[in-house]
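Engineer: Sequence plus the predicted model coming up.
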Amino acid sequence: MSIQPLNRPEKYYGPDFNAMEKQDPEIAAVVISELERQRNKLQLIASENFTSSAVLAAMGSTLSNKYAEGYPGKRYYGGCEEVDKVEAIGIERAKKLFGAEHANLQPHSGASANVAVYLAFAKPGDTVLAMSLPHGGHLTHGAKVNFSGKWFNIVSYGVRQSDELIDYDQLRDLALEHKPKMICSGATAYPSLIDFEKVRKICDEVGAIMWVDAAHFIGLVAGKAIPSPVPYADVVSFTTHKVLRGPRGGMILSKAAHAAAIDKAVFPGMQGGPIMSAIAGKAIALQECMSDSYKTYAKQVIENCQALAKGLVDLGLRAVSGGTQTHLALIDIRSTGVTGKVADELCGLAGISLNKNAIPFDPQTPAVTSGIRVGSAATTTQGMGTAQMKQIAEFIVSAIKSGADQDKLAKIKSQVAELCAKFPVYPEPK
Ligand SMILES: *Cc1c(COP(=O)(O)O)cnc(C)c1O
């Protein structure tokens, strides 16, 4: 048995795309066409972004080969001295960036991070109060088809019909009535800020753990563009690949008092070996978030999303809750007579990637919906500004109102490609 020589034996440290192309042209072709898709179309899915080449390189690195069950200095396998460094650096960066007492970088995803939170603080059958799914809550906040809905007694709070903002009076009433073990704040489709101070007070009143699922907005917190939940919450879980712009994965921050419970819940509670290549990517992304340019980025993301929402409103659509204070906007498109499902399809044909989304008190089913969700994280990374957002709003409304006319859709698609070409994603080296 001999180990095949690597292409760069002297200095092999990362992905070799040429080797992939030679060995498996079928898969390599998909990787190339996906890059072309990301380059030539508009990425408005609110949970997506373009991570840096440094983060991509970490994810494709040989760190992927290492098993490292346990935590730095306390592993169940030998040979962890190098990967220990990466995880320790990442933990320190997370604590510093967010002012957190404890950080766990091992969750494989946002949903996995949430499994660990339930495991750390609740037992099957316990009551947890979380944002209602039709009002923007996540699957892991109690969907019937998800472990959360199957194993826990989830009570849901929602937004008020009048202003589509979280109804904190209802939240408090439900907390007093049901005495939940945990109260979860955070959502996948809530465009406004959350009043963490108010939630903390309610948690204290009923003795509940304050859990913030910050998956969507943690990048804006990292860039100091919106208030942080970290000083208030017992535990904050999130994804690292949304506005935060890191690798696909999850992370948990907590008070020191909960550190052991969180670490035990992640491993051995619900995962085996951590993905060390992803943890290296998380460490790199956290470093990027500390830069001034990232702070500028986070502010621009919000400005852009506000411009995009305003553009859509100026063209006759309605922004849920009157607009956005974050990177995402929820748009009620009923005035067009087109459903969310059809709008999603029409925009797709015009080279615009976004998603249909239920609006609060939606008369349509979740598979059809009356709304779309748009986000500005990816286009802002590309370097687009408010002028481009106005243009994008016009593309979206033209596509929705195209009546599925192929010529009209093709024309928008070429205009979209023209715009994208001005803001190249992963540009070719000159
Ligand atoms: C995206 C998201 C998650 C899940 O993240 P995955 O990495 O897709 O598992 C969890 N909670 C909220 C609020 C989210 O927006």
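Structural biologist: That came in fine, so what should we check first?
Engineer: Isn't Gly323 up against Pro191?
Structural biologist: Yes - between Gly323 and Pro191 there is a contact at 7.2 Å, judged by C-beta atoms under 8 Å. C-betas here are computed from N, CA, C, even on glycine.
Engineer: so how many other residues sit close to Ile352?
Structural biologist: 24 (other C-beta atoms under 10 Å).
Engineer: Next: Tyr426.
Structural biologist: Around Tyr426 there are 12 residues (other C-beta under 10 Å).
Engineer: Surely it forms part of a helix?
Structural biologist: No - applying DSSP: H, G, I helix; E, B strand; the rest coil, one finds Tyr426 to be coil, outside a helix.
Engineer: quick one, what contacts it?
Structural biologist: By C-beta atoms under 8 Å, 6 or more residues apart in numbering, Tyr426 lies in contact with Leu35, Gln38, Arg39, Phe50, Ser53.
Engineer: out of Gly323 and Pro191, which sits in the more crowded spot?
Structural biologist: Each of Gly323 and Pro191 has its neighbours counted (other C-beta under 10 Å); Pro191 has more, 29 against 14.
Engineer: dump the residue contacts of the closest residue to the ligand within the chain.
Structural biologist: Minimum separation of the chain from the ligand (C-beta to the nearest ligand atom) falls at Gly110, amounting to 2.3 Å. With contacts defined as C-beta under 8 Å, 6+ apart, the neighbours of Gly110 are His138, Thr140, Asp213, Ala215, Ser237, Phe238, Thr239, Gly250.
Engineer: For the nearest residue to it once chain neighbours are set aside, give me the backbone phi and psi.
Structural biologist: Take Gly110 and drop its neighbours on the chain: the residue closest to it by C-beta to C-beta, 6 or more residues apart in numbering is Thr239, 3.6 Å away. Phi and psi for Thr239, reported as degrees, to the nearest 10, are phi -90, psi 160.
Engineer: Just want the phi and psi numbers for Asn357.
Structural biologist: Here Asn357 shows phi and psi, under degrees, to the nearest 10, equal to phi -150, psi 140.
Engineer: so the nearest residue to it once chain neighbours are set aside, which of the three states?
Structural biologist: Spatial nearest neighbour of Asn357, chain neighbours left out: Arg373 (3.8 Å); criterion: C-beta to C-beta, 6+ apart. Of the three states, Arg373 takes strand according to three-state DSSP.
Engineer: Touching, Arg373 and Ala189? I think so.
Structural biologist: Yes - Arg373 is within contact range of Ala189, at 5.4 Å (criterion: C-beta under 8 Å).
Engineer: quick one: common contacting residues for the two?
Structural biologist: Ala46, Leu328, Leu330, Asn357.
Engineer: Let's have those in TSV, adding neighbour count.
Structural biologist: Shown next, in TSV, are the shared contacts of Arg373 and Ala189 (neighbours: other C-beta atoms under 10 Å):
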residue	neighbour count
Ala46	26
Leu328	30
Leu330	25
Asn357	24
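Engineer: Out of those residues, list just those in strands.
Structural biologist: Leu328, Leu330, Asn357 (DSSP state E).
Engineer: tally of neighbours for Arg39?
Structural biologist: Neighbour tally, Arg39, other C-beta under 10 Å: 18.
Engineer: excluding its backbone neighbours, what's nearest it?
Structural biologist: Val425 (4.9 Å).
Engineer: Likewise for Phe98?
Structural biologist: Val230 (5.0 Å).
Engineer: for that neighbour, helix, strand, or coil?
Structural biologist: Per three-state DSSP, Val230 ends up coil.
Engineer: any idea how far it is from Met251?
Structural biologist: 12 Å (C-beta to C-beta, to the nearest Å).
Engineer: same question, Pro427
Structural biologist: Relative to Met251, and taking C-beta to C-beta, Pro427 is found at 29 Å.
Engineer: how about Arg318, phi and psi?
Structural biologist: phi -120, psi 130.
Engineer: ok, how many other residues are close to it?
Structural biologist: Counted with other C-beta under 10 Å, Arg318 comes out at 17.
Engineer: Likewise for Gly99?
Structural biologist: Gly99 has 10 nearby residues by other C-beta under 10 Å.
Engineer: Enumerate every residue touching it.
Structural biologist: Ser228, Val230, Pro231.
Engineer: do that again at 6 Å, thanks
Structural biologist: By C-beta atoms under 6 Å, 6 or more residues apart in numbering, Gly99 lies in contact with Val230.
Engineer: What's the local residue count around Cys347?
Structural biologist: Count around Cys347 with other C-beta under 10 Å applied: 29.
Engineer: whoops, I mixed them up, Ser64
Structural biologist: 13.
Engineer: Spatially nearest residue to it (excluding sequence neighbours)?
Structural biologist: Ser277 (4.0 Å).
Engineer: does the one you found sit in a helix, a strand or a coil?
Structural biologist: Applying three-state DSSP: Ser277 is helix.
Engineer: could you give the angle of the longest helix seen in the chain to strand 371-375?
Structural biologist: If you go by DSSP state H, the chain has its longest helix at helix 292-314. Relative orientation of helix 292-314 and strand 371-375, computed by axes from the mean of the first three to the mean of the last three C-alpha atoms, to 10 degrees: 150 degrees.
Engineer: which residues touch helix 292-314?
Structural biologist: 220, 223-225, 288, 319, 323-324, 327, 329, 331, 374, 376-377, 380, 386, 389-390, 393.
Engineer: ok, and of those residues, which contact the ligand?
Structural biologist: With C-beta under 6 Å from any ligand atom as the criterion, the contacts of helix 292-314 include none near the ligand.
Engineer: from these, which ones fall inside helices?
Structural biologist: Leu220, Glu288, Ala377, Thr380, Thr386, Met389, Lys390, Ala393.
Engineer: Tell me how many other residues surround the last one.
Structural biologist: Ala393 sits with 22 neighbouring residues when counted by other C-beta under 10 Å.
Engineer: Return the set of buried residues in stretch 73-89.
Structural biologist: Residues Arg75, Cys80, Val83, Asp84, Val86, Glu87, Ile89 are the ones in stretch 73-89 that count as buried (16 or more other C-beta atoms under 10 Å).
Engineer: Dig out what the first one forms beta bridges with.
Structural biologist: The residues paired with Arg75 through beta bridges, assigned by DSSP bridges, are Gly70.
Engineer: Tell me how far it lies from Tyr168.
Structural biologist: For Arg75, the distance to Tyr168 - C-beta to C-beta - is 44 Å.
Engineer: Count the neighbours of the residue lying closest to Met290 once chain neighbours are set aside for me.
Structural biologist: Leaving out its chain neighbours, the residue that sits closest to Met290 by C-beta to C-beta, 6+ apart is Leu97, at 5.8 Å. Number of residues near Leu97 (other C-beta under 10 Å) recorded here: 22.
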